[in-house]
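S.K.: fold the following for me, if possible:
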Amino acid sequence: MTTKVLFGFHAVTVRLKTAAPSITEIHVDSTRRDARMRQFVDRARDAGVRLLDSDDERLTRLAGSPRHQGVVARVSALKLPHSVDSVLEAVQVEGRGPALLLVLDGVTDPHNLGACLRVADGAGAHAVVAPKDHAAGLNATVAKVASGAAETMPYLMVTNLARSLGDMKDHGLRIIGTSDDAEATLYEVDLSGPVALVLGAEGAGLRQLTRKTCDQLVRVPMAGAVESLNVSVAAGVCLYEALRQRSR
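M.R.: Residues are numbered from 1 along each chain as shown. So this is what the prediction gives:
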């Protein structure tokens, strides 16, 4: 079974809540005894998880980052849907409402990816899709920034993004891309049905073939001096507008 590393209170606590048996062991900072750490340790003990005291040097080495907050876990990878088809079929079979996918075209920063996974989970999206090339992969940094969403939100890396968008259309999804030069705004389109929202990297935007594959392009209205939003912020605006329309 594939194993991985999670670090930080949020990421490890979510795994404790959702799949404690998948945790092999948790390393904690032996010098940290504040209330947050005590509560975390109590929860881990109640779940029957093996706890190991470690120093900062070992925690940093295990996490691959000094931003571990004194908590690093070795876990078994959870089984999530492995393809766009399987996600969309599950949505239909389980009656989970109109499909909502977030597609990231060229987002290579792991912090942006982690934030996108977190907001996608919060807005009720069914999956995040990205091309295998020019995209960040899942790692411990992504998992920490995602605050547990990397464990629950399917992240599907596809070989050919344009072809995958075409497959989504075959499943009845409308492909809505974002672009600063689009005539229509986000708030002028119907997002209540099955839809895939496609966002490009900040600055570069969508690649040309991706733009051509979209059914419609929209822009997020900008009322201030800045010309664009960080991709994770823009993803939040778009996904929560879809959620708002679906909640009416």
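S.K.: so how far is Met37 from the residue of the chain most remote from its centre?
M.R.: Relative to the C-alpha centroid of the chain, counting by Cα atoms, centre = their mean, Thr31 is the outermost residue, at 32.3 Å. Between Thr31 and Met37 the computed distance is 10 Å (Cβ to Cβ, to the nearest Å). Every residue, glycine included, has its C-beta placed from N, CA and C.
S.K.: gap between Lys132 and Leu104?
M.R.: On the measure of Cβ to Cβ, Lys132 and Leu104 end up 12 Å apart.
S.K.: which one of those two is surrounded by more residues?
M.R.: More crowded of Lys132 and Leu104, by other Cβ atoms under 10 Å: Leu104, with 29 against 12.
S.K.: test my guess that Leu104 contacts Ala125.
M.R.: No. The pair Leu104 / Ala125 is not scored as a contact, 11.6 Å apart, by Cβ atoms under 8 Å.
S.K.: dump the C-alpha coordinates for stretch 80-89 into PDB.
M.R.: Output of stretch 80-89 as PDB, limited to C-alpha atoms (Å, rounded to 0.1, in the frame of the first residue of the first chain):
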ATOM      1  CA  LEU A  80     -10.100   8.400  -4.300                       C
ATOM      2  CA  PRO A  81     -11.600   8.300  -7.900                       C
ATOM      3  CA  HIS A  82      -8.800   8.000 -10.400                       C
ATOM      4  CA  SER A  83     -10.500   9.400 -13.500                       C
ATOM      5  CA  VAL A  84     -12.900  12.100 -14.700                       C
ATOM      6  CA  ASP A  85     -15.300   9.400 -15.900                       C
ATOM      7  CA  SER A  86     -15.400   7.700 -12.500                       C
ATOM      8  CA  VAL A  87     -16.000  11.000 -10.700                       C
ATOM      9  CA  LEU A  88     -18.900  12.000 -13.100                       C
ATOM     10  CA  GLU A  89     -20.400   8.500 -13.000                       C
END
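S.K.: buried ones in that stretch, by neighbour count?
M.R.: Using 16 or more other Cβ atoms under 10 Å as the test for burial, stretch 80-89 gives 81, 84, 87-88.
S.K.: again with stretch 36-49
M.R.: Across stretch 36-49, burial judged by 16+ other Cβ under 10 Å covers 37, 40-41, 44, 49.
S.K.: Thr185 touches Val218, doesn't it?
M.R.: Yes. Counting by Cβ under 8 Å, Val218 is a contact partner of Thr185 at 6.2 Å.
S.K.: of these two, which one has the most company?
M.R.: Counting neighbours by other Cβ under 10 Å for Thr185 and for Val218 shows that Val218 has the greater number, 22 against 12.
S.K.: quick check: the gap between the more buried one and Ala204.
M.R.: For Val218, the distance to Ala204 (Cβ to Cβ) stands at 18 Å.
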